[in-house]
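*Asks:* coords below, sequence missing:
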């Protein structure tokens, strides 16, 4: 390409000097974080909405946000939040707010999910996967508007991770006034696609399968926003994301394969690589409610047939840890004594023969896109198929687009499915309740469809206890129950990476896999 043409192309593509382009494999299916369960949605909506509390940028500690302060009753059941005053909502072509954020918005945002008879509960489908999986539907007894700037939330059972939950995206605060306005216009469904929040950026445009553009909100209550625009660009192919980094048309991406990451670690590279231990787990979900995987002996055979050490070396290139529990080893209550899933194909063959499953065909559903916990699902699927073929099972690989994959696995239509989880906060309850509880079977986030009263009793007792030692003991017992039942097979806790252009300054990789662009800025070329 002619050099002049190349630079003209770059100028055309990057006409906004203070714009940050985030390249991702897929875009949000909707823009209401209450109903989402995937990180690609939360990457976008975290900058649109605010929450009562937040995680400090780059960490897991809780800090005030839309709530300036709070008190907790001695019995750990009543939380009183004192709200920040003079916080503005966004506006759009449908709506101009007439007031500041207040207690009505908090009550509306919670009650909309909690109360099945709420007029907005069922609009757009009425599915609140996180809220239900984490037990809040049952545990929140009452939400009280004390006055315009004070809200009281009363729980039925103590919950040691409740404050951390409040910093999660699904508990973002929506505008009650906007919802009522849309209802009058008979456009209530717009609440999910045309967001109004209090966050640092507002929605400028959303082009399906292309890009979501956010613009700086000049009335944002914090004064630390330096970017004018955020563009989330959909680039499905890993090779294309790699090329866009080199073309200076992608400022940040989190999903390049490990081989390519090496290119950005040397001197003279246009970008750099940030990494952190990942608060994540990749795993094979075994649908325990679907034959023949309701047979625990078959699940045991599958677990013994998989060479997870080889997967770590081949698929993850050693960039992570082999997992034996659903939670990473640096989380509260990790049980080091749980028996690992040993690779023993001869033992697996023996089981398959005993239970009469020789030459039986199973479906393995394969993630269609790379994820922070699994960058190359296709290669992993092929290795799994080889290992299971070696013990006498026939494996049919099935894939589909990401939206269908999420929906169909949520409904439990799969037999086996590759999946994973990135922790939303560092409490173990975020893994156990969302991925393995009976509530999470109903909400759809439990892709193993496994329900155990013994396990549920343990995690409920742990969640309700504020004594760290007792909680740890209960979680260790819970992991033992999981291992005995084999609802899934953990693979790895992968390192998380971000590749960023060198011109991007003050960006911090988040240990929870989220994205926070507060304080981030673009270094201009003429800086002296």
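*Replies:* Structure received. Keep in mind the model is a prediction, meaning the values are calculated, not measured.

*Asks:* after the lowest-mean-pLDDT helix or strand in the chain, which helix or strand is next?
*Replies:* Ranked by mean pLDDT, DSSP states H and E, the weakest helix or strand in the chain is helix 3-13, scoring a mean of 41. Following helix 3-13 in sequence order, the next helix or strand is strand 19-24 (DSSP states H and E).

*Asks:* how far off centre is that following strand?
*Replies:* On the basis of C-alpha atoms, centre = their mean, to the nearest Å, strand 19-24 sits 19 Å off its chain's mean C-alpha point.

*Asks:* what residues does it touch?
*Replies:* For strand 19-24, contacts defined as C-beta atoms under 8 Å, 6 or more residues apart in numbering pick out 14, 40, 43, 227-235, 241, 244-245, 249-255, 504, 515, 517, 520, 522. (Each C-beta comes from the backbone N, C-alpha and C, glycine too.)

*Asks:* can you turn the buried part of those into a ChimeraX selection?
*Replies:* To isolate the buried members of those in ChimeraX, using 16 or more other C-beta atoms under 10 Å:
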select :40,43,227,230,231,232,233,234,235,241,244,245,249,250,251,252,253,254,255,504,515,517,520,522
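
*Asks:* in helices only, show me the contacts of strand 19-24.
*Replies:* Those of these mapping onto helices are 40, 43, 241, 244, 245, per DSSP state H.

*Asks:* between those, which is closest to residue 508?
*Replies:* Residue 508 has its nearest neighbour among these in residue 43, at 14.4 Å by C-beta to C-beta.

*Asks:* doesn't residue 232 make contact with the closest one?
*Replies:* Yes. Residue 43 is in contact with residue 232 according to C-beta atoms under 8 Å; the separation is 6.7 Å.

*Asks:* and residue 246, how far is that from residue 25?
*Replies:* Shown here: residue 246 relative to residue 25, a distance of 18 Å by C-beta to C-beta, to the nearest Å.

*Asks:* tell me which of those two has more neighbours.
*Replies:* Neighbour totals were compared for residue 246 and residue 25, and residue 25 leads with 21 against 14 (other C-beta atoms under 10 Å).

*Asks:* quick check, the more buried one in contact with residue 39.
*Replies:* No. Residue 25 is beyond contact range of residue 39, at 10.6 Å (criterion: C-beta under 8 Å).

*Asks:* tell me the phi and psi of residue 357?
*Replies:* In terms of degrees, to the nearest 10, the main-chain angles of residue 357 are phi -110, psi 20.

*Asks:* which ones are touching it?
*Replies:* Residues near residue 357 by C-beta under 8 Å, 6+ apart: 292, 298, 301, 392, 393.

*Asks:* which one of the residues you listed has the most neighbours?
*Replies:* Ranking these using other C-beta under 10 Å puts residue 301 first, with 27 neighbours.

*Asks:* and it, that's in a helix?
*Replies:* Yes. Using DSSP: H, G, I helix; E, B strand; the rest coil, the secondary structure at residue 301 is a helix.

*Asks:* check it and give its pLDDT.
*Replies:* Looking at residue 301, its pLDDT stands at 97.

*Asks:* confirm that residue 396 sits in a strand.
*Replies:* Yes. Counting by three-state DSSP, residue 396 is located in a strand.

*Asks:* and what about the closest residue to it other than its chain neighbours, helix, strand or coil?
*Replies:* In this structure, residue 396 finds its nearest non-sequential neighbour in residue 363, 5.1 Å apart by C-beta to C-beta, 6 or more residues apart in numbering. Following three-state DSSP, we place residue 363 in the strand state.

*Asks:* hang on, residue 363 packs against residue 399?
*Replies:* No. Contact criterion C-beta under 8 Å: residue 363 and residue 399 do not qualify, at 10.6 Å.

*Asks:* before we move on, the earlier item: which one among the ones in helices among the contacts of strand 19-24 gets closest to residue 339?
*Replies:* The nearest member of the ones in helices among the contacts of strand 19-24 to residue 339, counting by C-beta to C-beta, is residue 40 at 35.3 Å.

*Asks:* how far away from the center of its chain is the helix or strand harbouring residue 181?
*Replies:* In this assignment (DSSP H and E), residue 181 forms part of helix 176-184. In terms of C-alpha atoms, centre = their mean, the centre of helix 176-184 is set 28 Å apart from its chain centre.
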